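Engineer: structure, please.
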Amino acid sequence: ASLELSLPSYDALDNKTMELAKQEKDLKSSKTAQKTAQESKESLSAEITALKDEHKSLETVSAEKEKLQNQKKELSERSGKLGDLIASFALLDKEKEELERLQQSYVEAAEKSTRLGQEYEAKNKAFLDEQAGILAATLIPGMRCPVCGSTEHPVLASLSENAPTEADVKKAKTAFEKAQKATEVASGEAKQQKGVVTTAEETICKNIAGLLADVSFEDALGAAQAQQVLLTAQISERDTQIASLEKKEQRRSELNEQLPQREQALADVETALSTANEQIAGLRSSIEALQANIAELKKSLQFESKKAAQDEKTSLETKRTALQNMLTEAEQQHANAKETLAGICAAITQLKVQLAGGEEMDTTSLEAEKQQLKESTRRSILNAGCTALADRTLHIYSLATGNHAAK
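Structural biologist: Numbering: from 1, shown residues only. Presented below is the predicted three-dimensional model:
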């Protein structure tokens, strides 16, 4: 009955044990989550610190890039000016070539004009001379000469067979005048080109003074070309530096996106870590309470488990049934033994009466008979399964026959 009443407590123990196992499993999972969150927190914290340091190191990138771009702009402008200066030397050479060509054209035109002028003068003189010969043939002594006005004509001009005509003189004059005009034009063009060359030289000198201090006109072209080579290298270097800074700017932009993401991830991990810590604390408290309840229940229970209690209960029920069967059989044997005892007691009484008036008996033979009877009775009782009753019966029998045995 006690075991029967204790069975619900075993159920409670099983439930609490199962709950304890579940909570211990949950605790293990929470500890794993705590460890993972802690490791993630440390990793993210280190990563965020590194990213912030990197981001801080990139704060001046834009200013450095702008500075380099300004330097590149200045270098490019200077390189452009030097390029213009170098180009102006090439242009000056062309202008000088043009001036030389125009000057040569002027010389040729002047020579042609001189030559045509001389031809014109010769033809004009020859024509005039020829005219003088014609007039001499018509002169009359004492008549004034229409050319010189003299009234005397000591030597008269003679006529030439190849004398130019008036048309030839006019043609020569026209050619001479055209040559003179061409010479004037060539002179003007040469003069104008000389001005262009002079202006170009003045401009170059001015640019040399602004770009190449203390450099002569003759050395300026070489110096400009050397400086332009140097500037080209410097510009290329600035381009490389600017490209590197642009990559850093891109990296900074990436960091601007990554840092909030990493910080949010860290916040989530910290929340998970806090949740895990709370769960662990709660589970530990609950587990301690369950362990205490289980220990208290185990103290009040005889067996380790419900099955053991049920097995013991079944065993006791089996023993109870066997004992009940034995008790029923023993009671029957007890009743039979009582009848036998009553007969024996009656025999004893009768024997006592007989002994009282009888002769003295041989105690040795009686003792042997008594012992034989005692053993026979004991076997009967033992066979009935009532050892205690047999012992008590034999004891009573011994008491009843003791006096006679003594006698």
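Engineer: and the helix or strand hosting E111, what does it pack against?
Structural biologist: If you go by DSSP states H and E, E111 is part of helix 61-138. Counting contacts by 3 or more CB pairs under 8 Å, 6 or more residues apart in numbering; DSSP states H and E, helix 61-138 packs against helix 166-211, helix 217-300. All C-beta spots, glycine's among them, are computed from the backbone N, C-alpha and C.
Engineer: C-alpha coordinates for stretch 68-75, CSV please?
Structural biologist: C-alpha atoms of stretch 68-75 as CSV (Å, rounded to 0.1, in the frame of the first residue of the first chain):
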residue,chain,number,x,y,z
LEU,A,68,47.9,66.5,-56.0
GLN,A,69,45.3,67.4,-58.6
ASN,A,70,46.2,71.1,-58.1
GLN,A,71,49.9,70.2,-58.4
LYS,A,72,49.1,68.3,-61.5
LYS,A,73,47.1,71.2,-62.9
GLU,A,74,50.0,73.6,-62.2
LEU,A,75,52.5,71.2,-63.7
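Engineer: list the buried residues of that stretch.
Structural biologist: Residues of stretch 68-75 classed as buried by neighbour count (16 or more other CB atoms under 10 Å): L68, Q71, K72, L75.
Engineer: for the first one, what are its contacts?
Structural biologist: Translated: L68. R238, Q241, I242, L245 (CB atoms under 8 Å, 6 or more residues apart in numbering).
Engineer: pull the contacting residues for the second one.
Structural biologist: Read it as Q241. Per CB under 8 Å, 6+ apart, neighbours of Q241: L68.
Engineer: rerun that using 10 Å as the cut-off
Structural biologist: Shown in contact with Q241 (CB atoms under 10 Å, 6 or more residues apart in numbering): E64, K65, K67, L68, Q69, Q71, K72.
Engineer: run through the stretch 1-150 of the chain and note the low-pLDDT ranges.
Structural biologist: Along the stretch 1-150 of the chain, segments meeting pLDDT under 70 span 133-141, 145-150.
Engineer: and with 80 instead?
Structural biologist: Counting by pLDDT under 80, the ranges of the stretch 1-150 of the chain that qualify are 6, 130-150.
Engineer: before we move on, what about the stretch 251-400 of the chain?
Structural biologist: Ranges of the stretch 251-400 of the chain meeting pLDDT under 80: 303-306, 309, 357-363, 365-366, 377-400.
Engineer: so which of the buried residues of stretch 68-75 comes closest to T203?
Structural biologist: L75 (22.7 Å; CB to CB).
Engineer: got a list of what that closest one touches?
Structural biologist: L230, L231, T232, A233, Q234, I235, E237, R238.
Engineer: which residues are in contact with the nearest residue to the last one once chain neighbours are set aside?
Structural biologist: Yep, that's R238 we're talking about. Leaving out its chain neighbours, the residue that sits closest to R238 by CB to CB, 6 or more residues apart in numbering is K72, at 4.2 Å. For K72, the contact set (CB under 10 Å, 6+ apart) comprises S79, Q234, I235, S236, E237, R238, D239, Q241, I242.
Engineer: cool, thanks, talk later.
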